[in-house]
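> here are the coordinates; sequence isn't available:
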């Protein structure tokens, strides 16, 4: 997910910022990524569920619920967000995902692309209200398992945040590759399984 949480959103979140944050799940994703300085400015808690059972070649729906908590830091926050991750081996991965707010209202359909570290979806102007990401929401993906899938199909899905943007840099809408090279990358992800019934 990539959008700005501007000053208005920052002021709305000051109460959350003053609360002690949950322990960060974030880790820098690779040595090639700019070294992260300390904890992420925003902690993101994710919970992922999937269709519990499916047949080989069958469809699996993944639901990623997220909640953002501001750590003690200065607002406004300019950052890039992406959702997705690694889907089961051999699966037909999604080309789009559906974004909902905490009430279940559909906000947008966002495009997804395959990258070296998985399939990632970027809102890039798709979310209404000037692209501000709600503090809580969910993203729904659908994938099709490989025709010869068996055993347990494992996916690891979550949110990537890229910190270190200022307003001018944010407006350039850097590619995922450039963001990885220029900015601190924190990943918040969870594994989820589907039993493949033969």
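Thanks, I have it. On a predicted model such as this, the values are computed, not experimentally measured, just so you know. Numbers count the residues shown, from 1 in each chain.

> Any stretches of this protein with poor pLDDT?
For the chain, the stretches with pLDDT under 70 are 1-35, 72-75, 123-132.

> And the strands in it?
Taking DSSP state E as the test, the strands found in the chain are 27-28, 42-50, 53-54, 59-70, 80-86, 96-101, 106-115, 118-122, 136-144, 151-163, 184-196.

> So for the second one, what gets flagged as buried?
So the one you mean is strand 42-50. The neighbour-count check on strand 42-50 (16 or more other Cβ atoms under 10 Å) flags 42, 43, 44, 45, 46, 48, 50 as buried. The way it works is simple: take the backbone N, C-alpha and C, and place the C-beta from them, glycine included.

> what's that strand packed up against?
The contact analysis (3 or more Cβ pairs under 8 Å, 6 or more residues apart in numbering; DSSP states H and E) places strand 42-50 against strand 59-70, strand 151-163, strand 184-196.

> what's the angle between it and strand 59-70?
Orientation check (axes from the mean of the first three to the mean of the last three Cα atoms, to 10 degrees): strand 42-50 against strand 59-70 gives 160 degrees.

> contact partners of stretch 50-59?
The contact list for stretch 50-59, computed with Cβ atoms under 8 Å, 6 or more residues apart in numbering, reads 60-63, 142-150, 153, 155, 192-198.
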